[in-house]
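# quick one: sequence and predicted model below, then my questions.
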Amino acid sequence: MLKHGVVIASAALIGTPVIAQQADDRVEVIRLEDAWRQARIDRDLPFLDRFYSENMRIHWLDGSVLSRSEAIARFRDGDSKTDFIRHGPLNVTISGDIAVVTGIDHVGGSISGEYGEMRVRFTDVLEKRDGRWQLLVHQATRTQDRV
């Protein structure tokens, strides 16, 4: 009986650092999600440059896919102006160096001078590279929810 207790206690202690790291990573991913929303409102190009991985893709509402440089250019050139982004609860799943974040955002702003508000269901995939999280993929689909 004692032998089984030692094995179980050892397994619990070995798993503790992994669970603590996942909790730390979850907090960091949520912080970055919030910072990314603010960076789009503020047109914080240095943040976008750091946060977007080199091979990042944004799957846009109309079905188009934006590369990293195209996504940054929309903010730099003023084509995209975000007035606000409010998110509901975020669902964060972390597996090793990959984080998947899902949720619903209420977004207001303009693209090419046309203002609108909508709710979008999104999925973000982040990768931890060289000790920091970066966005790999963002996909958003407009929901039928009323604003």
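Structure received.
# when you work out contacts or count neighbours from here on, use the C-alpha atoms and nothing else.
Noted.
# longest strand in this protein, please.
Taking DSSP state E as the criterion, the chain has its longest strand at strand 114-129.
# can you give me the buried ones in the helix or strand just after that strand?
Using DSSP states H and E, the helix or strand that follows strand 114-129 in sequence is strand 132-142. The neighbour-count check on strand 132-142 (16 or more other C-alpha atoms under 10 Å) flags 133-142 as buried.
# show me what strand 132-142 is packed against.
Here strand 132-142 touches helix 45-51, strand 52-59, strand 114-129, going by 3 or more C-alpha pairs under 8 Å, 6 or more residues apart in numbering; DSSP states H and E.
# mind checking which of those is nearest residue 28?
Set against residue 28 and scored by C-alpha to C-alpha, those come closest in strand 114-129, at 10.7 Å.
# can you put the helices and strands packed on strand 132-142 in a markdown table and add distance to residue 28?
Output for the helices and strands packed on strand 132-142, formatted as a markdown table (distance: least, C-alpha to C-alpha, whole Å):
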| stretch | distance to residue 28 |
| --- | --- |
| helix 45-51 | 13 |
| strand 52-59 | 15 |
| strand 114-129 | 11 |
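# just put those in a markdown table and tack on distance to residue 92, mean neighbour count and mean pLDDT.
Rendered in a markdown table, the data for those read as follows (distance: least, C-alpha to C-alpha, whole Å; neighbours: other C-alpha atoms under 10 Å; pLDDT from 0 to 100):
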| stretch | distance to residue 92 | mean neighbour count | mean pLDDT |
| --- | --- | --- | --- |
| helix 45-51 | 17 | 15 | 97 |
| strand 52-59 | 18 | 18 | 96 |
| strand 114-129 | 9 | 17 | 95 |
